[in-house]
Structure formats: structure tokens, C-alpha cells
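Trainee: Below are the sequence and a predicted model; questions follow.
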Amino acid sequence: MSTVSKEPNFMLIDLTDNVWVNTLIPSANHAALRCGFAGYPVNPRWNAAKFKAWKTGRQWREALAQGEMAVRSHDSMLVPVSELNENGLEEKEAKASDSQPVASTNHSRFKFPLRPKQILAAFHAVS
């Protein structure tokens, strides 16, 4: 019998319209993660997993504001500044002290033409 080593299943989610991130947080907690990143207060009815996702989102927002994290300009991914520096980008590009994400029009690496939210909105409009 073979043993199967399960690799982490990272999911690509949109924190805002212009900021994407890879995370291991389950999809049931993505709304709480987005709330924390957007600066909304915690919901007292959330369980511990959702609170942890909210806290992670808040920490990412604070790290972005302090310049510890940045949004890559070519794919709008939120990454640590050290990862940007390892890839050979200049220091002035790596800092995001304004904490406003940069809009990216190059989404060619995605295999679908629309975001899932847009597809769902179109589906609900037809129904």
C-alpha cells in the first residue's frame, strides 16, 4: 500500500478588486479574511476559525501599510517585501507605503476570462 503525501492546497483569492493572495485558509472563511483586510470589525457570532481568518486579514493590511508586504505590479499579488527583493526588483518598487493596491490589467495567467464573482452575478441576474 502506498502512502500519499498530501501537499498544501493553496487557493488564489481576491482580497479586494485589485489585490490577490495565495492562502491555505478554507473557502468558508474567505469572507472573514476579506473583512479583516478591509478593516471591518469582528463579528461576535464568528467561530474561532473565522476569527483567526479575520485576524490574518487585519495583519496583512497592517503589514501592507507598514511596508512589510507589497502588491506586485505585474499580477497584483500580495507578497512579503523580501520575496520581491529576492526576485531582483528595485527597492523603490518593493515599498507600498501608500497602501493603495495597483490595478493590473494583465490577468493572462488566469485560465478563465471572468472572475468567479462576475460569473455568479451574471447567473443570478438571469435566474
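Mentor: Right, received. Where do you want to start?
Trainee: how about the helix ranked longest in the chain: buried residues?
Mentor: Ranked by number of residues, the top helix in the chain under DSSP state H is helix 48-66. Of the residues in helix 48-66, 50, 51, 52, 53, 54, 56, 57, 58, 60, 61, 63, 64 count as buried by neighbour count, 16 or more other Cβ atoms under 10 Å. Yep, even glycine has a C-beta here, placed from its N, CA and C like the rest.
Trainee: Local confidence estimate at the third one?
Mentor: When you say that, I think you mean residue 52. Per-residue pLDDT puts residue 52 at 96.
Trainee: Please, where are all the strands along this structure?
Mentor: Shown for the chain, the strands assigned by DSSP state E span residues 11-14, 20-23, 69-71, 78-80.
Trainee: Which stretch among the ones you listed is buried most, on average?
Mentor: Most buried of these, by mean neighbour count (mean count of other Cβ atoms under 10 Å): strand 69-71, with a mean of 24.
Trainee: which residues of the protein fall in helices?
Mentor: Remark: helices assigned in the chain by DSSP H are 30-38, 48-66, 81-86, 91-94, 116-126.
Trainee: If I average pLDDT within each of the ones you listed, which one is lowest?
Mentor: helix 91-94 (a mean of 43).
Trainee: any chance of the strands of the chain in TSV, with mean pLDDT and distance to residue 43 too?
Mentor: Formatted as TSV, these follow (pLDDT from 0 to 100; distance: least, Cβ to Cβ, whole Å):
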stretch	mean pLDDT	distance to residue 43
strand 11-14	90	19
strand 20-23	92	19
strand 69-71	92	24
strand 78-80	92	23
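Trainee: got JSON lines for these, with distance to residue 34 too?
Mentor: JSON lines is the format used below for those (distance: least, Cβ to Cβ, whole Å):
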{"stretch": "strand 11-14", "distance to residue 34": "8"}
{"stretch": "strand 20-23", "distance to residue 34": "10"}
{"stretch": "strand 69-71", "distance to residue 34": "15"}
{"stretch": "strand 78-80", "distance to residue 34": "12"}
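Trainee: thinking again about what came up before, show me the contact partners of the longest helix of the chain.
Mentor: Contacts to helix 48-66, defined as Cβ atoms under 8 Å, 6 or more residues apart in numbering, come from residues 15, 21, 23, 25-26, 28-30, 32-39, 42-43, 46, 69-71, 78, 80, 96-97, 99.
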